[in-house]
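> based on what follows, work out the 3D shape:
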Amino acid sequence: MTPVHPEDDLALYALDALDGEERAAVEAHLASCPACVGLVDEHRTTLAALTADEAPPAAVWQRIAADIGAAGVPTPLPVVPSAPTDAVPPAADEDPPAPIHLRPRSRSTTRWALIGAVAAAALVIGGVVGLVLGGAEDESDDLAELAAAALDDPDASVATLSTDAGQPAARVVVEGTTGYVLVDDLPALPEGEEYQLWKLGGDVPVSLGVIGDGSNGVAAVGVPAGTSEMALSTEPAGGSPAPTGDIVATGEFA
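Sure, this is the predicted structure:
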């Protein structure tokens with residue numbers, strides 16, 4: 001007798017979306033079915049490819065940290081692009097033919113089903129986050145309030161970044177390892193460019209994050225302990241692994 005394989009439940013299991021008896025039934029089946037274990041691994045690989053590691057917005061992070069009593073935990077550093085590489089990845093081995101009982105459902109069909117499930121989950125999560133945080137339009141106001149509070153904190157550190165002509169362009173205020181960049185006099189950049197903040201003083205500049213095109217008044221960055229010198233450069237949108245554009249302002253903490 002041909003065993004029954006819970007194909008439709010495997011994608012949901014990979015999403016950790018099954019509870020109770022359904023989850024237990026799938027796990028019992030996986031314990032004796034290597035083919036279905038392989039499909040779960042495929043689903044998880046697809047899911048990992050659809051998600052990117054990003055630091056949360058500082059306003060969101062600080063609000064959650066305060067609510068759970070972890071206000072001292074620093075805002076995670078932003079993710080910066082990886083340096084390009086010329087290495088050619090090794091060719092992947094061809095997949096063995098799928099077992100007969102799994103062939104009617106093609107991998108592309110399963111993959112798109114999983115993508116649909118991920119998209120639906122993202123919509124649900126996005127709705128909940130919107131209800132809790134009041135919507136993305138509040139983010140700028142939240143950052144401005146946090147930056148103002150940091151400026152009023154006598155224990156915060158403030159650095160002024162100035163142009164070569166000595167004109168103040170921006171201020172960086174750091175409270176713990178969470179930094180806020182307040183734009184004072186930065187010209188708006190053309191489409192496709194952003195300002196990027198760098199930590200100086202080491203062997204190479206270290207990215208502290210992109211801060212926008214100059215039109216926004218405040219941005220959040222992660223600032224590691226020991227940072228003293230900083231610089232602002234113009235970079236392609238999304239940032240660069242190392243400075244490639246003009247250095248428009250520099251400064252250091254007093």
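
> would you map the strands across this structure?
Under the criterion DSSP state E, the chain contains strands at 157-162, 168-175, 178-183, 193-200, 206-212, 218-222, 229-236, 247-252.

> okay, these in CSV with distance to Glu22, mean pLDDT and mean neighbour count next?
For the C-beta atoms, the positions are set from N, CA and C on the backbone; glycine is no exception. Converted to CSV, the strands of the chain look like this (distance: least, CB to CB, whole Å; pLDDT from 0 to 100; neighbours: other CB atoms under 10 Å):
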stretch, distance to Glu22, mean pLDDT, mean neighbour count
strand 157-162, 53, 94, 19
strand 168-175, 46, 92, 21
strand 178-183, 42, 89, 25
strand 193-200, 46, 93, 22
strand 206-212, 42, 89, 22
strand 218-222, 41, 86, 24
strand 229-236, 47, 94, 21
strand 247-252, 57, 95, 19
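
> for Ala25, which of these is the nearest?
The closest approach between Ala25 and any of the strands of the chain, judged by CB to CB, belongs to strand 218-222 at 43.9 Å.

> relative orientation of that closest one and strand 206-212 in degrees?
For the pair strand 218-222 and strand 206-212, the angle between their directions (axes from the mean of the first three to the mean of the last three CA atoms, to 10 degrees) equals 160 degrees.

> angle of strand 218-222 against strand 229-236?
Going by the same axes, to 10 degrees, strand 218-222 is angled at 110 degrees with respect to strand 229-236.

> pairing partners for strand 218-222, with directions?
Paired neighbours of strand 218-222 in the sheet (DSSP bridges): strand 178-183 (antiparallel).

> the inter-axis angle of the strand it pairs with versus strand 157-162?
Here strand 178-183 runs at an angle of 30 degrees relative to strand 157-162 (the same axes, to 10 degrees).

> strand 178-183 vs strand 193-200, what angle?
An angle of 130 degrees separates the directions of strand 178-183 and strand 193-200 when computed by the same axes, to 10 degrees.

> what does strand 178-183 contact?
Applying CB atoms under 8 Å, 6 or more residues apart in numbering, the external contacts of strand 178-183 come out as 58, 62, 74-75, 143, 146-147, 150-151, 169-174, 197, 208, 211, 214, 216-223.

> 6 Å instead?
Strand 178-183 is touched from outside by 58, 74-75, 147, 150, 170-173, 211, 217-221, 223, with contacts defined as CB atoms under 6 Å, 6 or more residues apart in numbering.

> any chance of the strands of the chain in JSON lines, plus distance to Arg44?
Compiled in JSON lines, those are given as follows (distance: least, CB to CB, whole Å):
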{"stretch": "strand 157-162", "distance to Arg44": "43"}
{"stretch": "strand 168-175", "distance to Arg44": "38"}
{"stretch": "strand 178-183", "distance to Arg44": "33"}
{"stretch": "strand 193-200", "distance to Arg44": "33"}
{"stretch": "strand 206-212", "distance to Arg44": "30"}
{"stretch": "strand 218-222", "distance to Arg44": "29"}
{"stretch": "strand 229-236", "distance to Arg44": "32"}
{"stretch": "strand 247-252", "distance to Arg44": "43"}
